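Engineer: Mind looking at a prediction? Sequence and model below.
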Amino acid sequence: MAKVCILGGGGWGIGLSTVLSDNGHDVTIWSFLQSEVDMLKNDWENKKSLPGVMIDKKTIITNSLEAAVKDKDMVVMATASSFVRDTAHSLRGLIPKGQIIVNVAKGLEDSTLYTMTDIISDELPMANVAVLSGPSHAEEVGKRMPTTCVAGAKDRYTAEYIQNLFANEVFRVYTSPDVLGIELGGALKNVIALAAGIADGLGFGDNTKAALITRGIKEISELGIAMGGKYSTFAGLSGIGDLIVTCASIHSRNRKAGFLMGQGMTMEAAMKEVNMVVEGVYSAKAAKSLAVKYNIEMPIIEQVNRVLFDGKSAREAVMDLMIRNKTSEDVSLPW
């Protein structure tokens, strides 16, 4: 039995708390918002982010960060990506050297182009920072539907420790040393999911969705490999697996926001309608900057940015993808 703190009382934090509680661990959930703490204590569920998924009543719920992380075997960073740096910064002086911190947020920081584990390591260099990611919507995890993820860490012991704490009969966890690849797959798929949602909003069909997923993973893997990630990671759970579920699922915030934009809403109006953090919007600019930095052609990422930030119409963006310069599917293959 381990003592685990989950930083973030939103849907993913609550979903993972059910896994850890089912496995017999002592769980503490921290939220910055007193109103959210009060709701969780009174209702034992997050009625806004994950209605119908009940929190184990042995769970400690607090807004005291110091109390939450004190003497914990593992800390899970489950805040939205835009709050990861501030939360990590607040942990300075509160955690010991070697503290295992498992990031489960997905995104890139626009100003630095850092992944979430990069940010945590930057703020907390004494910590042992790892990642847990994959095709895992909180709505299904909370209902104990079979789900698989991958735990990435710098050393095998840490990855297997995380694997053992989370794994059970409905939550299977693999291990990997490719932390960077896992993080990039999880962040970049959200941008492609915006494109998939836009296509759905325009009324396009399965052919279009399949094309976006297939060409999307090519863009993600080419950039990821150029940055040092491994091909097998992008062909795995945190790559193509997470991309498929995020582009197709009714639970996907990024797909929903894209769908609304495809129907004519502005980015701001779509985000307000979704009423939750749309990670792909925050990662899109960083993804475009990384493509320029590493000289990788990423036409889908480019067009998503133009729709989000340049006022380009969604239909025009799709058409420009279709009529761009003709090329081979894989230019490395000899004739």
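Structural biologist: Happy to help now that I have it.
Engineer: From now on I want contacts and neighbour counts done on CA atoms only, so please keep to that.
Structural biologist: Fine.
Engineer: Now for Ser289, how many residues are close by?
Structural biologist: Neighbours of Ser289 under the rule other C-alpha atoms under 10 Å: 15.
Engineer: What segments of the stretch 201-335 of the chain are helices?
Structural biologist: Using DSSP state H, counting those that start in this stretch, the helices of the stretch 201-335 of the chain run over 206-227, 231-234, 242-248, 253-262, 267-274, 279-293, 299-309, 314-323.
Engineer: Can you pull out the residues in contact with the fifth one?
Structural biologist: Where contact means C-alpha atoms under 8 Å, 6 or more residues apart in numbering, the residues beyond helix 267-274 that reach it are 253, 256-258, 260-261, 277-278, 308.
Engineer: Now, of those, which are buried?
Structural biologist: 253, 256-258, 260-261, 278, 308 (16 or more other C-alpha atoms under 10 Å).
Engineer: From those residues, pick the one nearest Ala193.
Structural biologist: Of all the buried ones among the contacts of helix 267-274, Gly258 has the smallest distance to Ala193: 7.4 Å, by C-alpha to C-alpha.
Engineer: how big is the angle separating the least confident helix or strand in the chain by mean pLDDT from helix 299-309?
Structural biologist: The weakest-scoring helix or strand in the chain, judged by mean pLDDT, DSSP states H and E, is helix 267-274 (a mean of 85). Between helix 267-274 and helix 299-309, the angle comes out at 90 degrees (axes from the mean of the first three to the mean of the last three C-alpha atoms, to 10 degrees).
Engineer: any idea how far Ile225 is from the spatially most central residue of the chain?
Structural biologist: By C-alpha atoms, centre = their mean, the mean C-alpha position of the chain lies nearest to Lys106, the distance being 2.6 Å. The gap separating Lys106 from Ile225 is 18 Å, by C-alpha to C-alpha, to the nearest Å.
Engineer: Same question for Glu268.
Structural biologist: The gap separating Glu268 from Ile225 is 33 Å, by C-alpha to C-alpha.
Engineer: The two: who's more crowded?
Structural biologist: Counting neighbours by other C-alpha under 10 Å for Glu268 and for Ile225 shows that Ile225 has the greater number, 17 against 11.
Engineer: all strands for this protein, in order.
Structural biologist: If DSSP state E is used as the criterion, the strands of the chain fall at 3-7, 26-30, 60-62, 74-77, 100-103, 128-133, 147-152, 171-176.
Engineer: Need these in CSV (columns: distance to Ile217).
Structural biologist: Output for those, formatted as CSV (distance: least, C-alpha to C-alpha, whole Å):
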stretch, distance to Ile217
strand 3-7, 30
strand 26-30, 34
strand 60-62, 39
strand 74-77, 26
strand 100-103, 22
strand 128-133, 16
strand 147-152, 18
strand 171-176, 19
